[in-house]
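A.B. asks: Requesting a structural model of the entry that follows:
(chains A and B)
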Amino acid sequence: MIINAFANPQRFMALSRVALPLCAWIGTAVAAIGLVWGLFYAPPDYLQGDTARIMFVHVPAAWLSMGLYLGLVISSIVVLIWRHSLADVAAAAIAPVGAVFAAIVLATGAIWGKPMWGAFWVWDARLTSMLVLLLVYLGLMALRAMAPDPQSGSRLCAILAVAGVVNLVIVKFSVDWWATQHQPASVFRMDGPTMHISMLLPLLVTWLGSLLVAAALVMARMRIEVHERRAQSAWRKRARAAGDGSAAPAAEFEGAS
Amino acid sequence: MDHSAYIWAAYGVAALLLGGEIAWVAWRLRAAARRAAEAERSSAAP
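C.D. replies: Residues are numbered from 1 along each chain as shown, chains lettered A, B, ... in the order given. Below is the predicted model:
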């Protein structure tokens, strides 16, 4: 199966050694182009004026925080069905990156809300469900850190992540289902985007650059996780050789560099 | 009304959060690679 060809730790480490710096540098350059374009060259909004330029940071972060959660759910399903260790590594890596982007959404949204709505925060459906998304990310990180052993932590996190996908649907459709302060979707709509191309293009460029940076961060965290599992594996091997009777280490992480 | 302070505040907060994450991950990646290499060297040693 293709998934087995690319999804062992040694192969992932070899591929990510090349892919990580490429994604990081290209992503930074593309995101910088998009942000400069949006900040200085895109036209102001006819209602909100220049304040709408916050969207070039806020909206890509929102798309990424939700997209990363979807990736987390897919990894978690693979963990639950196939108990694939690299999928568990991916799930562990995605949560903190997703949390950072969710925090960026909430912070930039609050700063945008003050001049537009007169308040940093309102308990409307979109904002509240996005706050729940951040809390779910933080909860996953805490659960994994506090689990009595890695195997139970992995399973519990996978179950929580899959259960949390309900909130993802609520985040997306909240502006359609309820009368919210937050504006409805202007890009991902059934009848196409309503945003003018002069704003849509820098938005998409910024999103693309941010996506590559997010991919680099996830790969970096996955490499950290593989290194740490490799170190634990080596220490247990040494302890077994010294005769302390501890269990055999997970061989799949040995030699992964 | 000039709301440029809000624009720069939003970009600044985003840069701090993302920059902090990048710096943290870069530091941890170096430390984790070094620890893994040391652990493998010591487990291979007689």
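
A.B. asks: Going by C-alpha atoms from here, please, whenever you check contacts or count neighbours.
C.D. replies: Fine.

A.B. asks: Could I get the contacting residues of A:Leu106?
C.D. replies: A:Leu127, A:Met130, A:Leu131 (Cα atoms under 8 Å, 6 or more residues apart in numbering or on different chains).

A.B. asks: how does it look with 10 Å?
C.D. replies: A:His58, A:Ala61, A:Ala62, A:Trp112, A:Phe120, A:Trp121, A:Leu127, A:Thr128, A:Met130, A:Leu131, A:Leu134 (Cα atoms under 10 Å, 6 or more residues apart in numbering or on different chains).

A.B. asks: And A:Gly113, by the same measure?
C.D. replies: A:Thr51, A:Ala107, A:Ala119, A:Phe120, A:Trp121, A:Val122, A:Gln181, A:His182, B:Tyr6.

A.B. asks: so the fourth one sits right up against B:Tyr6, yeah?
C.D. replies: By that I understand A:Phe120. No: counting by Cα atoms under 10 Å, A:Phe120 sits too far from B:Tyr6 to count as a contact (11.3 Å).

A.B. asks: just how off-centre is stretch A:128-145 within its chain?
C.D. replies: Mean C-alpha position of stretch A:128-145 versus that of the full chain (Cα atoms, centre = their mean, to the nearest Å) differs by 12 Å.

A.B. asks: As PDB, could you dump the C-alpha coordinates of stretch A:60-78?
C.D. replies: Output in PDB follows, covering the C-alpha atoms of stretch A:60-78 (Å, rounded to 0.1, in the frame of the first residue of the first chain):
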ATOM      1  CA  PRO A  60      -5.600  32.300   6.700                       C
ATOM      2  CA  ALA A  61      -5.000  31.500  10.400                       C
ATOM      3  CA  ALA A  62      -8.700  30.500  10.700                       C
ATOM      4  CA  TRP A  63      -8.600  28.200   7.600                       C
ATOM      5  CA  LEU A  64      -5.300  26.600   8.900                       C
ATOM      6  CA  SER A  65      -6.600  26.100  12.500                       C
ATOM      7  CA  MET A  66      -9.600  24.200  11.000                       C
ATOM      8  CA  GLY A  67      -7.700  22.400   8.300                       C
ATOM      9  CA  LEU A  68      -5.100  21.200  10.800                       C
ATOM     10  CA  TYR A  69      -7.900  19.900  13.000                       C
ATOM     11  CA  LEU A  70      -9.200  17.900  10.100                       C
ATOM     12  CA  GLY A  71      -5.700  16.500   9.600                       C
ATOM     13  CA  LEU A  72      -5.700  15.600  13.300                       C
ATOM     14  CA  VAL A  73      -9.000  13.800  12.900                       C
ATOM     15  CA  ILE A  74      -7.700  11.800  10.000                       C
ATOM     16  CA  SER A  75      -4.500  10.800  11.900                       C
ATOM     17  CA  SER A  76      -6.600   9.800  14.900                       C
ATOM     18  CA  ILE A  77      -8.800   7.600  12.800                       C
ATOM     19  CA  VAL A  78      -5.700   5.900  11.400                       C
END
